[in-house]
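[1] The following comprises the amino acid sequence and a computationally predicted model.
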Amino acid sequence: MSQKTPELTAPFPYFGSKRLAAGLIWQAIGPDIGSYCEPFAGSCATLLRRPGGAGRIETINDLSGHVANFWRAAKSCPDEVARHLDYPVIEQDLHARHRWLVAHHLDLVAGLDADPDWCDPKAAGWWAWGMSSWIGSGFCDMSKVKQDVARPHLTHTGQGVHARGQLPHISNTGVAVHAAGNLDSLHGWIAALADRLRRTRVCCGDWRRVVTHSALCDRLVGGRVGILYDPPYAHEVDGGVRAGGLYSADDATVGAQVAEEARKQADDHPAWRIVVCGYAGEHVMPGWREVVWRANAGFNSGGYGRTNGNPERERLWLSPACLPVDTESGSQRSLFGGT
């Protein structure tokens, strides 16, 4: 009997996580690919739920220096990241760290770009700690630095690593990272992430740099590669609205650029298995399969509005090379003949 792969998650909440769609995405991409890439990594929810664990070549990228630095630091310096993550929620420190992280963002980007081994574990730990303490969006958003509108979670233990009863499954039984202030559990969580990411390439920059023919090494396994495009969604699509400023690097226009490039890639490289995420009506993808899935309302999932119906508007567009998916289970269904 094969052993079930433990489920790993990021130690922070993140808008737009595809955790609930990861099963469908991996059905579409399949196991027989030589290279896999997430140009908009965020919380890496899909990567971390890859069946069977790490693949031959994996690349994650994010324009945000905070996101990229966290994953590189978690991979290279897990103990130091965990040490800076293990800290109580204190409002004054939350805002002080917020300002410090915003002021040092360009330094992070420069360091990541200049040296493939460089990372800042203190900034990584502080950022993940702040993401878990901050209410709503706006952490490390420059526009929020002079506003005292976001208060930390003081009525309970917070979100992410601070959540009461949070159970990151780093063993088959699951271990509460912060149960009774168990520092060993937190170190174990980050260490498990480091082990999973040991051979994953972590990049910081424009998404186009990591999806080139050479970057994807598509000469392997018959040219089959997998790409998950999960860019920031458009602010307004068919009457639906999502808030701006959800990410430290938020661009509501990039989705259209991604869809155009993905269509071209599928035409030029028929073996590439590409998944594009967005809202219903956001992209026009002729010949692609459109799959409906439902996100949870709230911060961690669709994340773009608790009562505005956005969770029901989530879509995946699958390129012609993608494998069949089971759309009969749960709330997923398939729309054919993509418009």
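    Happy to help now that I have it. Numbering: from 1, shown residues only.

[2] List the buried residues in stretch 219-227.
    Neighbour counts over stretch 219-227 (16 or more other Cβ atoms under 10 Å) mark V221, G223, R224, V225, G226, I227 as buried. For glycine as for every other residue, the C-beta is placed from the backbone atoms N, C-alpha and C.

[3] residues in contact with V258?
    P39, W207, Y229, P231, V276 (Cβ atoms under 8 Å, 6 or more residues apart in numbering).

[4] need these in a markdown table with neighbour count and secondary structure, can you?
    Shown next, in a markdown table, are the contacts of V258 (neighbours: other Cβ atoms under 10 Å; DSSP: H, G, I helix; E, B strand; the rest coil):
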| residue | neighbour count | secondary structure |
| --- | --- | --- |
| P39 | 25 | coil |
| W207 | 21 | helix |
| Y229 | 24 | strand |
| P231 | 22 | coil |
| V276 | 26 | strand |
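
[5] what's the most distant pair in those?
    W207 and V276 (12.1 Å; Cβ to Cβ).

[6] that older thread, can I get the contacts of V258 in a markdown table with distance to L112 and pLDDT?
    Shown next, in a markdown table, are those (distance: Cβ to Cβ, whole Å; pLDDT from 0 to 100):
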| residue | distance to L112 | pLDDT |
| --- | --- | --- |
| P39 | 15 | 97 |
| W207 | 15 | 96 |
| Y229 | 21 | 98 |
| P231 | 20 | 94 |
| V276 | 26 | 98 |
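
[7] wait, which of those is closest to R313?
    V276 (14.6 Å).

[8] that older thread, quick one: common contacting residues for W207 and V276?
    Y229, V258.

[9] Mind picking the one among the contacts of V258 that's closest to G138?
    P231 (19.6 Å).

[10] My understanding was that the closest one contacts F40; is that so?
    Yes: counting by Cβ atoms under 8 Å, P231 touches F40, with 5.1 Å between them.

[11] Could you tell me which residues touch both of these two?
    Joint contacts of P231 and F40 (Cβ under 8 Å, 6+ apart) are W207.

[12] So for G303, what pLDDT did the model give?
    On the pLDDT scale, G303 is placed at 42.

[13] just the strands in the stretch 201-339 of the chain please.
    225-229, 236-237, 240-241, 273-279, 289-292, 314-318, 333-335 (DSSP state E, counting those that start in this stretch).

[14] From A266, how far off is the closest residue to G30 other than its chain neighbours?
    Take G30 and drop its neighbours on the chain: the residue closest to it by Cβ to Cβ, 6 or more residues apart in numbering is L323, 4.6 Å away. L323 sits at a distance of 14 Å from A266 (criterion: Cβ to Cβ, to the nearest Å).

[15] same check, this time on P11
    35 Å.

[16] Looking only at neighbour counts, state which of the two leads.
    The neighbour count for P11 versus A266, taken as other Cβ atoms under 10 Å, is higher for P11 (28 against 24).

[17] wait, the more buried one sits on P78?
    No: look at P11 against P78 with Cβ under 8 Å: they stay out of range, at 10.9 Å.

[18] So for those two, which residues contact both of them?
    Contacts common to P11 and P78, judged by Cβ under 8 Å, 6+ apart, are I190, L193.

[19] Please list all residues in contact with E261.
    Going by Cβ under 8 Å, 6+ apart, the list of residues near E261 reads R208, V211.

[20] nope, P78 is what I meant
    H187, I190, A191, L193, A194.

[21] what do you get if the cut-off is 6 Å, keeping everything else the same?
    Residues counted as contacts of P78 (Cβ atoms under 6 Å, 6 or more residues apart in numbering) are I190, A191, A194.

[22] Would you mind putting those residues into CSV with neighbour count, secondary structure and pLDDT alongside?
    Listed next are these as CSV, based on neighbours: other Cβ atoms under 10 Å; DSSP: H, G, I helix; E, B strand; the rest coil; pLDDT from 0 to 100:
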residue, neighbour count, secondary structure, pLDDT
I190, 30, helix, 95
A191, 17, helix, 95
A194, 19, helix, 97
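
[23] List just the nearest of those residues to L318.
    Closest to L318, out of all of those and judged by Cβ to Cβ, is A194, at 31.7 Å.

[24] who's in contact with that closest one?
    A74, K75, P78.

[25] try 10 Å this time
    W71, A73, A74, K75, S76, C77, P78, D79, V81, A82 (Cβ atoms under 10 Å, 6 or more residues apart in numbering).

[26] what ranges do the helices span in the stretch 1-150 of the chain?
    All helices of the stretch 1-150 of the chain, identified by DSSP state H, counting those that start in this stretch, fall at 22-29, 45-48, 65-76, 78-85, 91-103, 105-114, 121-133.

[27] what residue ranges in the stretch 51-200 of the chain score low on pLDDT?
    142-184 (pLDDT under 70).

[28] and P51, how many neighbours does it have?
    11.

[29] Contact partners for it?
    So P51 contacts T5, A22, G23, W26, Q27, G30, P31 (Cβ under 10 Å, 6+ apart).

[30] quick one: pLDDT of the fourth one?
    The pLDDT attached to W26 in the predicted structure is 97.

[31] Distance check, the nearest residue to it once chain neighbours are set aside against D268.
    Closest residue in space to W26, ignoring its immediate chain neighbours: P51 at 5.7 Å, by Cβ to Cβ, 6+ apart. To D268, P51 is 28 Å away according to Cβ to Cβ.
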